[in-house]
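*Asks:* Structure here, sequence nowhere to be found:
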């Protein structure tokens, strides 16, 4: 096994091991009570899906929305790629001839 493939294996194992750390964090706020159905989400003859969705989204704390938006917009991927590029630069991988 070459040095580069060994380094890649270590990186992949590290990513898999540390990927779950974000999932294991305790909740900082009380989760919203999803058993209460907002008035806009009640069944009716003039039911509007967008209005019902917005009513449920309004139950979420602002910090939870921001966290979800950051994840969806690539915040975690940018951290991962920054780490991988940094490790590659440290090993001289981008400047070394194959």
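*Replies:* Happy to help now that I have it. Everything numeric in this text was worked out from a predicted model, so none of it was measured.
*Asks:* what separates the helix or strand containing residue 69 from the chain centre, distance-wise?
*Replies:* Per DSSP states H and E, residue 69 falls inside helix 62-72. Remark: helix 62-72 is offset 9 Å from the chain centroid, using CA atoms, centre = their mean, to the nearest Å.
*Asks:* Following the chain onward from it, which element is next?
*Replies:* helix 75-91.
*Asks:* burial count for residue 39?
*Replies:* Residue 39 is flanked by 9 other residues according to other CB atoms under 10 Å. (C-beta placed from N, C-alpha, C; glycine too.)
*Asks:* what about the residue nearest to it when sequence neighbours are not counted, is that helix, strand or coil?
*Replies:* Spatially, and ignoring its direct neighbours in sequence, residue 39 is nearest to residue 55 (7.3 Å; CB to CB, 6 or more residues apart in numbering). Assigned by DSSP: H, G, I helix; E, B strand; the rest coil, the conformation of residue 55 is helix.
*Asks:* okay, now residue 55: neighbour count?
*Replies:* Residue 55, neighbours per other CB under 10 Å, totals 16.
*Asks:* With that, I have no additional questions.
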